[in-house]
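1. A structural model of the following input is requested.
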Amino acid sequence: MNTLDDPRHDREAGSRRSTHDTTRIDDTRIDAVRPLITPALLHERLPVGETAQALVEQARSEIADVLHGRDDRLVVVVGPCSIHDHAQAMEYAARLKPLADALRGELLVVMRVYFEKPRTTVGWKGYINDPHLDGSFAINEGLERARALLLDILGAGLPAATEFLDLLSPQYIAELISWGAIGARTTESQSHRQLASGLSCPVGFKNGTDGSIRIAADAILAASAPHAFMGMTKMGVAAVFETRGNEDCHVILRGGSKGPNHGAADVDAACAMLKASGLREQVMIDLSHANSSKQHRRQIEVAEDLAARIAAGDQRITGVMIESHLEEGRQDLVAGQPLKHGVSITDACISFEQTAPVLRRLAEAVRARRG
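-> Predicted coordinates:
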């Protein structure tokens with residue numbers, strides 16, 4: 001008797017009485033299909049408390065106030081390029097919290113808690129995808145660890161920011177996020193624009209990898225509109241989602257293949273394009289990536305340049321992003337070799353010791369802008 005189901009392929013759909021073998025054309029490159037925990041089960045296991053919920057609501061409201069001109073503070077998204085260790089992330093949060101409190105009158109500090117790492121080719125894809133850093137892809141555990149860390153950071157009194165890369169992972173963690181980013185590689189993606197239209201938090205769209213602001217402006221217009229698209233509910237069921245649109249979106253200047261775009265002329269050009277599109281003339285500036293020519297210490301120089309312009313009265317700069325970790329630099333993941341404590345395993349970061357004076361200088365600039 002001929003076997004209808006090719007054991008090299010996974011067969012998830014079909015009729016019991018069917019004699020038509022589809023395994024020759026279905027899932028021919030799928031090596032395995034493993035069960036995935038539903039968002040509802042993870043939420044039940046790790047629920048959000050009233051205090052954390054109030055913090056998320058307050059931070060979202062305050063960020064929206066900055067974006068709409070009702071608050072003159074500077075939003076500062078600061079923290080590791082990507083999370084790879086719970087304890088080290090909490091150590092960073094413990095050091096950031098008192099500084100954020102001290103500068104609260106001028107800076108609205110949100111800790112960068114990035115779990116997904118977009119790759120140009122291949123490499124470690126982040127804490128959710130591979131929490132053990134060894135290619136075991138324990139995604140269920142990664143989702144649980146990510147949610148647990150966000151709850152701990154909120155418990156420490158800090159709002160959290162992340163980049164939304166995977167289209168399903170927001171169902172597991174999005175209600176704990178106060179500000180979200182759509183990266184340069186995905187700003188042009190219709191799926192990510194639709195996702196942003198339904199997210200409950202303010203969202204920043206980075207300019208395209210080539211530096212194009214038009215792509216980000218188009219993304220804001222798209223995300224502000226209602227959409228209907230396919231997705232997964234918290235119960236793990238496929239569904240059609242209809243969104244209302246997100247009015248709390250903005251542009252992030254991060255430079256591009258043609259060079260940095262944090263200068264005064266770049267901000268002028270970006271705001272002119274936003275105005276022509278009927279959008280608010282405001283930008284958040286990423287001190288890292290192409291704006292620092294991928295030289296992490298140059299973030300300090302870029303921050304000083306921005307601080308001078310803010311102090312001189314530029315109201316259009318509403319936020320900055322800083323890649324910062326406990327210690328300076330970066331390190332490679334090497335099998336069998338222990339990692340250095342507090343050092344990024346993705347993009348190079350400035351140390352917390354280098355970060356603190358940058359934040360104080362930005363706060364000083366905001367005070368000067370008010371004067």
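
2. strands along the stretch 51-200 of the chain, start to end?
-> Per DSSP state E, counting those that start in this stretch, the stretch 51-200 of the chain carries strands over the ranges 74-79, 107-112, 160-163, 179-182.

3. V48: which of those is closest?
-> strand 160-163 (11.9 Å; CB to CB). (Each C-beta comes from the backbone N, C-alpha and C, glycine too.)

4. how about residues contacting the closest one?
-> When contacts are defined by CB atoms under 8 Å, 6 or more residues apart in numbering, strand 160-163 is touched by residues 77, 79, 110-116, 118, 150, 153-154, 173, 176-183.

5. list the neighbouring strands of that strand plus their orientation.
-> Its sheet considered, strand 160-163 pairs with strand 107-112 (parallel), strand 179-182 (parallel) by DSSP bridges.

6. if we can go back for a sec, pull out the buried members of the contacts of strand 160-163.
-> Neighbour counting with 16 or more other CB atoms under 10 Å marks 77, 79, 110-116, 150, 153-154, 173, 176-183 as buried within the contacts of strand 160-163.

7. quick one, helices of this protein?
-> 39-45, 50-67, 86-102, 139-155, 170-173, 190-198, 213-223, 264-276, 298-311, 352-370 (DSSP state H).

8. list the buried residues in the third one.
-> This means helix 86-102. Q88, A89, Y92, A93, L96, K97, L99, A100.

9. from those, pick the one nearest P357.
-> Looking across the buried residues of helix 86-102 and measuring by CB to CB, the closest to P357 is L99, at 10.3 Å.

10. OK, contacts around the closest one?
-> Counted by CB under 8 Å, 6+ apart, L99 has contacts V109, A356, L359.

11. what is the nearest of these to A303?
-> Nearest to A303 among the contacts of L99, counting by CB to CB, is L359 at 8.8 Å.

12. identify the residues contacting that closest one.
-> Per CB under 8 Å, 6+ apart, neighbours of L359: V76, V78, L99, L103, L107, V109.

13. cool, and L167?
-> S191, H192, L195, G231.

14. cool, and A269?
-> Taking CB under 8 Å, 6+ apart, one finds I213 in contact with A269.

15. show the pLDDT at it.
-> On pLDDT, A269 comes in at 97.

16. and what of T22?
-> 71.

17. so where is this structure shaky, pLDDT-wise?
-> 1-21 (pLDDT under 70).

18. which strand is the longest one in it?
-> strand 317-325 (DSSP state E).

19. sweet, I'm off.
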